[in-house]
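Colleague: Build the 3D model from these lines:
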Amino acid sequence: MTRGLRRLLVAASALALVVLSAMAVSVYLLLQPDRFTVMLQQQAHEAGLELSLGSPASPTVFPRPALELRGITLIAEGSDDPILLASRGRLVLPWSTLLGGPVAITQMEVDEPRVDLAALQNWLAAQPSQPADAAPAIPRIDTGIRITRGSVVHGDQSLLNNVTLTVGTLVPDRQFPLDMSAVTATGTPLQLRLTATPHMQGNTLQLNDVQLHLSQGGDSTLALRGDARWRGAANAEAQLGGKLDQADAGSHDITLTLTPADQTNPLLLHLKLDGQDNHADLSLPPLALAHWWGTLNTPPDPQTASQPELPPGNGTLRVSKLQIGSLGITGLSVQTGASAPAAAGTAAIKPDADGTAK
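Modeller: Below you'll find the predicted structure:
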């Protein structure tokens, strides 16, 4: 290699470094990572939340303009328990933003998030109640959302691991898709697919053509289809029907009907289940049912609790064998309600360590 050629290569390398350095500085100045951080923190503050990062946001250009966020913590104001912890986040931006256009986000990616449902419930409970006549609105998601390697806990209790969630845009009159896969605390894989088309009709939020498909391992599959309407507060209606198929219990026809609260009745979920050996016709208040379900894995107080508490509701339930999530039910016969005495055969509501009740 001649001396002239060596000098040319050195000059070209120096020029390339200068260009790359200039590009890096230009990208930083154009993206202005601080404005995105402030925007996200302001939006969190308006919802009564505090958002903090372990390090300042850093910009990237290839393969698409984006901001890298590390050490993400989301916590309710005045609380010590984080609602969300995540090792990394990424905000994908349109090229128009890179060229000085308005702030916009086209994709949000979160890696290894840990969501605490107990902290989330406490934050929701602290939110001011909405007026009964307040009109609902569609909560827009203008960006796609992708979550990988996530986990869901309730305090110290693990619920879901290895969560992957993909959410499309949520705007009126366009189909909204949601796909999730996860592994339960007992190692059972879960797959969820949900689609619906939101539509505003006056003061009513309609979810048209709701399709839900949930599978647990290779043994249980739930497929439902229907429509829902919400007019604010507990004024909600839904009609969903389909099949519940289980390897050990056969196929079941299932209908879920949600009726709105009124002056005498709370929001009620009516469940009808018909299979060869399993039958149910129950009316259940969803909020009370969710509280009861959350107590299933809580050890009873030996001084105050002698028998497991039956789920709230009215109706009849006859189960030969049925698996619902981590709860297994065998030989259960219950008649419950204000006008009927409760009766049980060889029934159990409290699951054993392996998740089976007998």
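
Colleague: and the helix or strand in which residue 35 is found, which residues are buried?
Modeller: Residue 35 belongs to helix 33-46 when assigned by DSSP states H and E. Across helix 33-46, burial judged by 16 or more other CB atoms under 10 Å covers 33, 36, 37, 40, 44. Using the backbone N, CA and C atoms, a C-beta is placed for each residue, glycine as well.

Colleague: Just send those residues back as JSON lines, with distance to residue 249 and pLDDT too.
Modeller: Supplementary listing: the buried residues of helix 33-46 in JSON lines, determined by distance: CB to CB, whole Å; pLDDT from 0 to 100:
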{"residue": "33", "distance to residue 249": "54", "pLDDT": "69"}
{"residue": "36", "distance to residue 249": "51", "pLDDT": "71"}
{"residue": "37", "distance to residue 249": "52", "pLDDT": "77"}
{"residue": "40", "distance to residue 249": "47", "pLDDT": "79"}
{"residue": "44", "distance to residue 249": "45", "pLDDT": "84"}
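
Colleague: Tell me the one among the residues you listed nearest to residue 179.
Modeller: Comparing those against residue 179 with CB to CB picks out residue 40 as the nearest, at 24.8 Å.

Colleague: In this structure that closest one contacts residue 50, no?
Modeller: No - taking contact to mean CB atoms under 8 Å, the distance of 11.2 Å between residue 40 and residue 50 leaves them out of contact.

Colleague: For residue 187, give me its contacts.
Modeller: Residues in contact with residue 187 (CB atoms under 8 Å, 6 or more residues apart in numbering): none are found.

Colleague: distance of it from residue 217?
Modeller: Taking CB to CB, to the nearest Å as the measure, residue 187 falls 9 Å from residue 217.

Colleague: Just the element for residue 288, please.
Modeller: helix 286-294.

Colleague: How much space separates residue 331 from residue 249?
Modeller: The gap separating residue 331 from residue 249 is 13 Å, by CB to CB.

Colleague: Identify the contacts common to the two.
Modeller: Going by CB under 8 Å, 6+ apart, residues that sit against residue 331 and also against residue 249 are 320, 321.

Colleague: Counting neighbours, go ahead and name the busier of those two.
Modeller: For residue 331 versus residue 249, the count of surrounding residues by other CB atoms under 10 Å is larger for residue 249: 19 against 15.

Colleague: What ranges does the stretch 51-200 of the chain have for its strands?
Modeller: Assigned by DSSP state E, counting those that start in this stretch, the strands in the stretch 51-200 of the chain fall at 55-60, 66-76, 82-92, 107-111, 114-116, 144-154, 157-167, 176-184, 189-201.
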